[in-house]
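Q: Any chance you could fold what I've pasted below:
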Amino acid sequence: MLTNLMVRLDQRYPTPGEKSAVADYVASFADRLAAYDEMRTKQKEIVDDILEEYQVMYPRFKQYHPQGWEKGRRDLELYHTFSANAMLMDDKRWLDEACLFWVCTMMKAAHLTPQFMQDACRLWDKYLQQHLTPQTYELNRPYFDHIASRLCNIPEPHKAEVGERRSGAAAPRVPAGVR
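A: Predicted coordinates:
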């Protein structure tokens with residue numbers, strides 16, 4: 001937030017609206033820092049729970065991607081960390097530039113389906129709500145929703161390589177921007 005503002009200012013003073021946005025950000029920084037710490041300490045529990053349920057939903061995924069679950073853990077941890085960092089900085093543009101453009105390209109190259117990504121994001125949302133305090137969840141939600149909207153709107157691949165999806169699990173809240 002502050003970095004983007006400073007780049008935009010380039011030889012001018014901030015407008016009253018920009019000064020107000022900075023004041024709001026500074027006023028919320030202690031809450032953001034506490035939420036950031038909570039997200040960092042809860043990351044492993046959240047990712048473990050997601051993968052446990054996800055592996056039941058896609059039992060044949062490993063046949064298509066022998067190291068898929070290990071890479072999935074790495075990716076979920078990355079998304080979680082990037083979400084926390086973006087929340088702390090209050091900067092979705094940074095999130096796009098630092099992570100989402102190349103991640104979406106990789107998801108397409110791996111022939112992952114939009115449904116597969118939607119299921120991952122639904123589980124992530126479910127376990128964020130379950131493990132985080134309501135205040136931390138609400139502070140992070142815009143950044144989580146931003147990530148989910150990008151990941152879940154990848155095109156349908158010519159050849160899906162995720163295996164069939166087992167149904168039966170109740171679908172949690174669908175993040176904003178997800179089909």
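Q: alpha carbons only for contacts and neighbour counts from here, please
A: Noted.
Q: who's in contact with Glu164?
A: 58-60 (CA atoms under 8 Å, 6 or more residues apart in numbering).
Q: contacting residues around the strand or helix carrying Thr3?
A: Take DSSP states H and E as the rule and Thr3 turns out to sit in helix 2-9. For helix 2-9, the surrounding residues in contact (CA under 8 Å, 6+ apart) are 18, 22, 89.
Q: Skip the chain neighbours and tell me the closest residue to the second one.
A: Think Val22. Spatial nearest neighbour of Val22, chain neighbours left out: Leu2 (7.2 Å); criterion: CA to CA, 6 or more residues apart in numbering.
Q: count of residues packed around the one you found?
A: Neighbourhood size, Leu2 [other CA atoms under 10 Å]: 15.
Q: Tell me the pLDDT of it.
A: Model confidence at Leu2, expressed as pLDDT, equals 70.
Q: any idea how far it lies from Leu139?
A: 18 Å (CA to CA, to the nearest Å).
Q: Tell me the spacing between Met106 and Leu88.
A: 26 Å.
Q: likewise Ile46?
A: Ile46 is 19 Å from Leu88, where distance means CA to CA.
Q: same thing with Arg73?
A: Arg73 is 23 Å from Leu88, by CA to CA.
Q: Brilliant, that's me finished.
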